[in-house]
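Visitor: no sequence on hand, only this structure:
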């Protein structure tokens with residue numbers, strides 16, 4: 001369960017995933033003497049493949065282990081995941097896809113960026129730069145220090161040194177700014193990726209909004225650091241609500257997902273849904289609703305509970321504790337993933353949904369970093385979450401939900417408004433972006449009562465702070481990873497944690 005085997009995408013990712021070591025003749029070229037294989041791969045094809053792979057990797061790897069840690073998912077009664085995952089005693093061979101798959105795919109973005117030196121290719125260079133910042137930021141959030149300055153240079157730098165997470169964050173923020181400048185100053189005749197851009201279909205102003213939103217997310221992770229508040233204020237100076245993804249502006253990817261074959265299905269459906277014949281796949285049967293999240297949704301009269309989770313045989317949503325070994329809690333009793341998450345094989349992959357952006361803006365406005373009404377951002381974030389999940393009459397349902405006399409849902413009535421914002425952000429991010437929820441817990445301690453596993457032998461005082469460097473680093477980049485010292489997933493912190 002800790003590491004899945006990736007399937008091949010129908011658009012031929014295995015043919016267009018280019019490695020730096022394979023290029024020497026020119027722009028995006030692959031050395032080959034086979035007359036039946038092209039000697040060049042156009043940047044649009046590399047871009048399309050890289051973006052699609054980013055979406056797949058996000059749901060194939062990054063949702064785990066964060067969905068477990070953050071109280072969204074539990075294990076099935078048959079204990080379909082390893083005991084080391086259940087008691088947090090993981091090793092360097094688990095969750096390795098978060099490292100290996102991201103670095104492999106980032107080679108493609110770096111290739112596009114470095115080869116797109118013509119001003120007419122400014123849009124391609126900018127998109128690649130934005131996506132590199134996105135992925136490096138996530139790597140820091142998972143591992144802290146990682147290879148950065150020396151990374152993605154196979155054949156030139158084979159043993160990349162590690163860069164501090166703090167320095168990487170600073171660089172990523174600057175890279176996002178430079179990418180926005182590239183877009184805004186691109187010649188009017190600049191090449192537009194159009195439909196090869198499977199996220200925004202060549203709408204470069206949406207890429208600006210996305211870049212600013214990624215920047216906002218990185219900056220807010222710095223709120224508890226000594227220099228963070230001043231940096232955040234400086235970096236957000238002049239930005240308004242119009243600078244970020246807003247209502248209805250989801251960053252989604254869809255290269256043409258369908259049920260024609262398993263490889264063509266939308267990644268979340270493919271991994272956690274059903275095969276082309278409609279039979280539940282392995283991970284659909286393993287992932288169960290966690291009691292913690294179910295109880296929160298029920299106690300706040302949240303209509304999303306039956307959309308995040310599927311009702312059981314008696315038409316009720318029921319969870320189990322993560323780590324439970326109660327064999328009486330079979331899958332017909334404990335809910336699986338619901339129809340709001342598993343809508344169809346052709347559903348888009350939500351890379352950064354609008355509701356996440358709105359909750360980020362709510363926090364930033366609440367702290368005084370941007371102008372705007374935090375209550376309005378908050379209400380819009382809840383409404384957008386209801387929309388994406390398919391709540392009937394979502395706008396009115398969301399308005400009624402946040403009007404309840406409950407500080408967990410009612411921003412106006414809350415005496416701790418930041419906590420209410422983060423709680424509702426947590427409630428919305430279930431299965432969409434659990435790493436972001438994990439970030440919030442690690443920097444703010446919200447939710448305050450995240451449970452630890454009840455699996456036999458669990459001795460951790462809290463959920464993990466990070467995941468471990470992969471075995472491949474200890475095997476092939478030994479000196480550099482050893483220089484990071486002894487790493488514990490329970491006690492070793494990310495640089496931005498208090």
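Guide: Great, that's in hand. Keep in mind the model is a prediction, meaning the values are calculated, not measured. Numbers count the residues shown, from 1 in each chain.
Visitor: what helix or strand is residue 99 on?
Guide: Taking DSSP states H and E as the definition, one finds residue 99 inside helix 97-115.
Visitor: tell me what that helix is packed against?
Guide: With contacts defined as 3 or more C-beta pairs under 8 Å, 6 or more residues apart in numbering; DSSP states H and E, the packing partners of helix 97-115 are helix 43-57, helix 122-143, helix 471-476. In short, each C-beta sits where N, CA and C put it, glycine included.
Visitor: need the ones you listed in JSON lines with distance to residue 244, mean pLDDT and mean neighbour count, can you?
Guide: Compiled in JSON lines, the helices and strands packed on helix 97-115 are given as follows (distance: least, C-beta to C-beta, whole Å; pLDDT from 0 to 100; neighbours: other C-beta atoms under 10 Å):
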{"stretch": "helix 43-57", "distance to residue 244": "20", "mean pLDDT": "94", "mean neighbour count": "23"}
{"stretch": "helix 122-143", "distance to residue 244": "14", "mean pLDDT": "98", "mean neighbour count": "25"}
{"stretch": "helix 471-476", "distance to residue 244": "35", "mean pLDDT": "97", "mean neighbour count": "15"}
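Visitor: what's the distance between residue 379 and residue 45?
Guide: Taking C-beta to C-beta, to the nearest Å as the criterion, residue 379 is separated from residue 45 by 42 Å.
Visitor: who are the contact partners of residue 442?
Guide: Residues touching residue 442, when contacts are defined by C-beta atoms under 8 Å, 6 or more residues apart in numbering, comprise 465, 493, 494, 497.
Visitor: now which of those residues would you call buried?
Guide: Buried residues within the contacts of residue 442, counting neighbours by 16 or more other C-beta atoms under 10 Å: 465, 494, 497.
Visitor: averaged pLDDT, stretch 159-171. What do you get?
Guide: Per-region confidence: stretch 159-171 scores 98 on mean pLDDT.
Visitor: report the buried residues of that stretch.
Guide: Quick answer for stretch 159-171 (16+ other C-beta under 10 Å): 160, 162, 163, 165, 166, 168, 169, 171.
Visitor: same question for stretch 219-238.
Guide: 219, 220, 221, 222, 223, 225, 228, 229, 232, 235, 236.
Visitor: of those, closest to residue 387?
Guide: Top of the list for closeness to residue 387, among those and by C-beta to C-beta, is residue 220 at 23.3 Å.
Visitor: surely the closest one touches residue 360?
Guide: Yes: counting by C-beta atoms under 8 Å, residue 220 sits close enough to residue 360 to count as a contact (6.2 Å).
Visitor: partners of residue 253 in the sheet?
Guide: When assigned by DSSP bridges, residue 253 has beta-bridge partners residue 349.
Visitor: ok, the closest residue to residue 413 other than its chain neighbours - how many residues close by?
Guide: Counting by C-beta to C-beta, 6 or more residues apart in numbering, the nearest residue to residue 413 once its immediate chain neighbours are dropped is residue 407, at 6.1 Å. By the measure other C-beta atoms under 10 Å, the count of residues near residue 407 is 16.
Visitor: any idea how far residue 407 is from residue 382?
Guide: Remark: distance between residue 407 and residue 382 (C-beta to C-beta) = 14 Å.
Visitor: try residue 490
Guide: Relative to residue 382, residue 490 is positioned 33 Å away (C-beta to C-beta).
Visitor: between those two, who's got more neighbours?
Guide: Neighbours around residue 490 and residue 382, counted as other C-beta under 10 Å, are more numerous at residue 382. The numbers are 27 against 15.
Visitor: that one should be in a strand, yeah?
Guide: No: checked against DSSP: H, G, I helix; E, B strand; the rest coil, residue 382 lies outside a strand; its state is helix.
Visitor: chain neighbours aside, what residue packs nearest to it?
Guide: Closest residue to residue 382 apart from its sequence neighbours, by C-beta to C-beta, 6+ apart: residue 398 at 4.8 Å.
Visitor: please name the residues that touch the residue nearest to the spatial centre of the chain.
Guide: Within the chain, one residue has its C-alpha closest to the average C-alpha position: by C-alpha atoms, centre = their mean, that is residue 433, at 4.7 Å. Residues in contact with residue 433, defined by C-beta under 8 Å, 6+ apart, are 352, 353, 356.
Visitor: tell me the contacts of the second one?
Guide: Taking C-beta under 8 Å, 6+ apart as the criterion, residue 353 is in contact with 250, 251, 252, 384, 385, 388, 432, 433.
Visitor: 6 Å - rerun?
Guide: Contacts here follow C-beta atoms under 6 Å, 6 or more residues apart in numbering; on that basis residue 353 touches 250, 388, 432.
Visitor: returning to what we had before: including secondary structure and pLDDT, could the buried ones among the contacts of residue 442 go into CSV?
Guide: As requested, those are arranged in CSV below (DSSP: H, G, I helix; E, B strand; the rest coil; pLDDT from 0 to 100):
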residue, secondary structure, pLDDT
465, coil, 98
494, coil, 98
497, coil, 98
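Visitor: let me know the closest of those to residue 318.
Guide: Each of these was scored against residue 318 by C-beta to C-beta, and residue 465 proved nearest at 30.3 Å.
Visitor: do I have it right that the closest one meets residue 493?
Guide: Yes: shown here, residue 465 and residue 493 form a contact pair, counting by C-beta atoms under 6 Å, at 5.3 Å.
Visitor: what's the helix or strand for residue 313?
Guide: Secondary-structure assignment from DSSP H and E places residue 313 in no helical or strand segment.
Visitor: per-residue confidence for it?
Guide: 91.
Visitor: that one: neighbour count?
Guide: For residue 313, the count of nearby residues is 10 (other C-beta under 10 Å).
Visitor: what's the answer for residue 316, then?
Guide: The local packing of residue 316 (other C-beta under 10 Å) involves 13 other residues.
Visitor: what values do phi and psi take at it?
Guide: phi -130, psi 140 (degrees, to the nearest 10).
Visitor: tell me how far it lies from residue 335.
Guide: On the measure of C-beta to C-beta, residue 316 and residue 335 end up 8 Å apart.
Visitor: ok, residue 198 next?
Guide: Taking C-beta to C-beta as the criterion, residue 198 is separated from residue 335 by 32 Å.
Visitor: try residue 160
Guide: 44 Å.
Visitor: check which helix or strand the nearest residue to residue 446 once chain neighbours are set aside maps to.
Guide: For residue 446, ignoring the flanking residues on the chain, the nearest one in space by C-beta to C-beta, 6+ apart is residue 422 at 4.2 Å. Take DSSP H and E as the rule and residue 422 turns out to sit in helix 417-429.
Visitor: per-residue pLDDT, residue 486?
Guide: Predicted confidence (pLDDT) for residue 486: 98.
Visitor: check the one 4 residues further on too.
Guide: With respect to pLDDT, residue 490 scores 98.
Visitor: same check on the one 3 residues further on?
Guide: Predicted confidence (pLDDT) at residue 493: the value is 98.
Visitor: same check, this time on residue 106
Guide: Looking at residue 106, the pLDDT reads 97.
Visitor: hey, where'd the strands end up in the stretch 301-450 of the chain?
Guide: If DSSP state E, counting those that start in this stretch is used as the criterion, the strands of the stretch 301-450 of the chain fall at 349-352.
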